[in-house]
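Visitor: Got a sequence here, can you build the structure:
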Amino acid sequence: MVLAHHRRRVIHFNVTAHPTSEWTAQQIAEAFPWDSASRYLLHDRDSLYADVFRQRVRGMAIREVLTAPRSPWQNPFVERLIGSIRRECLDHLIVFNESGLRRTFKSYFDYYHAVRTHLSLEKDAPETRPVQPPELGSVVELPEVGGLHHRYEQRAA
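Guide: Numbering: from 1, shown residues only. Okay, the predicted model is just below:
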């Protein structure tokens, strides 16, 4: 998963049962196509970020910033997102296969970007939402992430 820190936006995600350094290198290339890469990439010291990955990152002119060993607090935005995914999504599901998990993540990230509020963004979502005045009508509940979460909008009766 690749997260942009500025607005807490998930840029890219994918799922595999057996991640390797080669697979991870491919994911970073898919996250930043056509010279759109960030200048810095913050990550931990997992073995997934081995030589193949590091060569790919260097080739994309991205500077790696490594967290200290066993120091998850040095990457708090990603750690918080992973905890949110577990608490708000995965703890309530039984995952049968990769494609089902990919579909669930897609639905959750759509909810995360457009609906879920973030205190660090002044209770806004990563994608700014318009304010709905009371004149629009009554409040309607709309299910998100297969009914795990809900959003509320004002709609004309």
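
Visitor: So which other helices or strands are in contact with the longest helix along the chain?
Guide: The longest helix of the chain (DSSP state H) is helix 98-114. Helices and strands touching helix 98-114, by 3 or more C-beta pairs under 8 Å, 6 or more residues apart in numbering; DSSP states H and E, are strand 9-12, helix 76-88, strand 138-144. The way it works is simple: take the backbone N, C-alpha and C, and place the C-beta from them, glycine included.

Visitor: Would you give the sheet partners of the shortest one, along with the direction of each?
Guide: Strand 9-12 has the following sheet partners, assigned by DSSP bridges: strand 2-4 (antiparallel).

Visitor: In the strand it pairs with, which residues are buried?
Guide: Residues 2, 3 are the ones in strand 2-4 that count as buried (16 or more other C-beta atoms under 10 Å).

Visitor: same check, this time on stretch 146-157
Guide: By neighbour count with 16+ other C-beta under 10 Å, stretch 146-157 contains the buried residues 148, 149.

Visitor: Equivalent analysis for stretch 5-12, please.
Guide: 8, 10.

Visitor: Output stretch 40-56 as PDB, restricted to C-alpha atoms.
Guide: Presented in PDB, the C-alpha positions along stretch 40-56 are these (Å, rounded to 0.1, in the frame of the first residue of the first chain):
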ATOM      1  CA  TYR A  40      10.800  10.500  -0.900                       C
ATOM      2  CA  LEU A  41       9.600   7.100   0.200                       C
ATOM      3  CA  LEU A  42       9.300   6.400   3.900                       C
ATOM      4  CA  HIS A  43       9.200   2.700   4.800                       C
ATOM      5  CA  ASP A  44      10.300   0.200   7.400                       C
ATOM      6  CA  ARG A  45      13.100  -2.300   7.200                       C
ATOM      7  CA  ASP A  46      11.100  -5.300   6.100                       C
ATOM      8  CA  SER A  47      12.800  -7.900   3.900                       C
ATOM      9  CA  LEU A  48      10.300  -7.100   1.200                       C
ATOM     10  CA  TYR A  49      12.400  -3.900   0.500                       C
ATOM     11  CA  ALA A  50      15.400  -5.900  -0.600                       C
ATOM     12  CA  ASP A  51      17.900  -5.200  -3.500                       C
ATOM     13  CA  VAL A  52      15.400  -5.600  -6.300                       C
ATOM     14  CA  PHE A  53      13.000  -3.100  -4.700                       C
ATOM     15  CA  ARG A  54      15.900  -0.700  -3.800                       C
ATOM     16  CA  GLN A  55      17.200  -0.700  -7.400                       C
ATOM     17  CA  ARG A  56      13.700   0.000  -8.800                       C
END
